[in-house]
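*Asks:* Could you work out the structure for the sequence below:
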Amino acid sequence: MDALDALERALGGLDVDGYEIYALENRQFSVEAKEGEIDSVDEAVERGAAVRLFKGRKTSFASSSALGPPFLERMVSLAYNTLSVVEEGPSILLPAGEERFGPSQDVLPPGDRSEKLRMALDLEKFAKRYDRRVSRVRDASYGEEIRTVTLRNSRGLKGRRTAARHELSLMVMAEDAQGQEMAWENDFAAEEGRLDPQKTAREGAEKAVSQLGGKPVPTQKTAAILDATVAASFLGVLSSSFFGDQVLKNRSALRGRLGESVYSGAVTIVDDGKLAGGYNSFPFDGEGAPTGRHAVVERGVLKGFLYDLASGVQAEVPSTGNAVRPAVKEPPRVGATNFFIEAGDLSLEELLGDLGTGFWVRDVIGVHTADPVTGDFSLGASGVWIEGGKRAFPVRGVTISGNLHDLLKRVVGVGKEIRRYHAFGAPPLLVESLDIGGT
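*Replies:* Okay, the predicted model is just below:
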């Protein structure tokens, strides 16, 4: 009998209405290149388990970072004793099913380590080859994470799945007589073979070089293009506005607006836990509910929110499969899986042509300071000034400000290439007006 079988047998003997077991094995590997050589190689394995016990309207939680019998027994004892002191909450009905997600999977094979080292070295090499003004490359690294999740509960649900993430990232410094500029770039894939170090390095180097000689523009309101990276980061700030628990707590500006037109008709926003190649794609969420595709905004109209089991009970709707567990030691909560603005049909050059004259915002600073509840923001920004649909000169030393919800109301064009940054993704967006603070 393995550790989880013994744990399940112990839980079955308790005076509770139900139980849930969540176990995680997370294997991490990373390598960093510096000055043409491998600078560091790191490996780590994280294992742990957590239980939730349910009795009436009470739910308790406990976790353990070790899977030995004494540690699991202590975890069960803590969860059971906690039931008498926790406050009542929603009465949760766990998902049911016997092996409902198909046969178990073993940990994926580790792959060719020499290829991983090569990709880190290639990042630095290709970035420096891009332009003689690239003076330094920092944090050129390859990383991978292979996680195996096992979930069981008292209603017969048994699920076990393994998923992999592979990622490249680097920081590029460009320099000329006028100064220095830094740019960060990354890419990820569910399969190692889909990563392209040359493409990632070229994009990072291009960003850094293109900002050399940047200058501020006068304070004004102008049409603008939000680069895909910027649009994705803004969407990350707004994502909690679509979380059912935040709506119930009145911490969402979208509360009470279902069925209303909240954004431009050009905007459709989707959360898809089964997205092919997605950063957080998985057949079930942190509570065993099936994941899937949910359009929360469709052509500007608010269609719904995202829920876990508890918030779904309170809102009297089913879970959307959006229970996430950032760590074994944390109980599940509502979160995004693969959350993105759907692509349109315009190329970047077409967007620039439609912009005519205005600001192409390629980077912002301080996104974490934007208010996720109201959507208000004031951020440092850099990019390119566009005149006649053509690149005129780089811009830096300005601020952009406003409200993110209002900004999505002013979208008049949507690009056709989505860039994904972990859980969030977006294409470039053309907005009819943006406030710039400059000279």
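
*Asks:* Could you use CA atoms for every contact and neighbour count after this?
*Replies:* Will do.

*Asks:* Leu434 bridge partners, please.
*Replies:* Thr222 (DSSP bridges).

*Asks:* That one against Ala223, yeah?
*Replies:* Yes - if you go by Cα atoms under 8 Å, Leu434 and Ala223 touch, sitting 6.0 Å apart.

*Asks:* Tell me the pLDDT of Ala177.
*Replies:* According to the prediction, Ala177 has pLDDT 88.

*Asks:* wait, what's in contact with it?
*Replies:* Under the criterion of Cα atoms under 8 Å, 6 or more residues apart in numbering, Ala177 has no neighbours.

*Asks:* Output the top helix by length along the chain as CSV, nothing but the C-alphas.
*Replies:* The longest helix of the chain (DSSP state H) is helix 113-130. In CSV, the C-alpha atoms belonging to helix 113-130 read as follows (Å, rounded to 0.1, in the frame of the first residue of the first chain):
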residue,chain,number,x,y,z
ARG,A,113,20.2,17.6,-21.2
SER,A,114,22.8,18.7,-23.7
GLU,A,115,20.1,20.3,-25.8
LYS,A,116,18.9,22.3,-22.8
LEU,A,117,22.4,23.6,-22.2
ARG,A,118,22.7,24.5,-25.8
MET,A,119,19.5,26.5,-25.8
ALA,A,120,20.7,28.7,-22.9
LEU,A,121,24.1,29.3,-24.7
ASP,A,122,22.3,30.0,-28.0
LEU,A,123,20.2,32.7,-26.4
GLU,A,124,23.2,34.7,-25.5
LYS,A,125,25.0,34.0,-28.8
PHE,A,126,22.1,35.0,-31.0
ALA,A,127,21.3,38.1,-29.0
LYS,A,128,24.9,39.4,-29.3
ARG,A,129,24.9,38.6,-33.0
TYR,A,130,21.8,40.7,-33.7
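
*Asks:* Run the angle between the helix or strand that it is followed by and helix 113-130 for me.
*Replies:* Sequence-wise, the next helix or strand downstream of helix 113-130 (DSSP states H and E) is strand 134-153. Angular relation of strand 134-153 and helix 113-130 on a 0 to 180 degree scale: 140 degrees, by axes from the mean of the first three to the mean of the last three Cα atoms, to 10 degrees.

*Asks:* Can you give the strand pairings for the helix or strand that strand 134-153 is followed by, parallel or anti for each?
*Replies:* Counting by DSSP H and E, the element after strand 134-153 in chain order, helix or strand, is strand 158-176. Sheet pairing of strand 158-176 (DSSP bridges) gives strand 134-153 (antiparallel), strand 179-189 (antiparallel).

*Asks:* Buried residues in the shortest one, which are they?
*Replies:* Buried residues in strand 179-189, counted by 16 or more other Cα atoms under 10 Å: Gln180, Glu181, Met182, Ala183, Trp184, Glu185, Asn186, Asp187, Phe188, Ala189.

*Asks:* for those, which one is nearest Arg9?
*Replies:* For the buried residues of strand 179-189, the closest approach to Arg9 (Cα to Cα) belongs to Ala189, at 38.4 Å.

*Asks:* quick one: contacts for the closest residue to Asp42 other than its chain neighbours?
*Replies:* Spatial nearest neighbour of Asp42, excluding adjacent residues (Cα to Cα, 6 or more residues apart in numbering): Ser30 at 5.3 Å. Residues near Ser30 by Cα under 8 Å, 6+ apart: Val41, Asp42, Glu43, Ser141, Tyr142, Gly143, Glu144.

*Asks:* Leu94 now?
*Replies:* So Leu94 contacts Asn153, Arg155, Glu287, Leu309 (Cα under 8 Å, 6+ apart).
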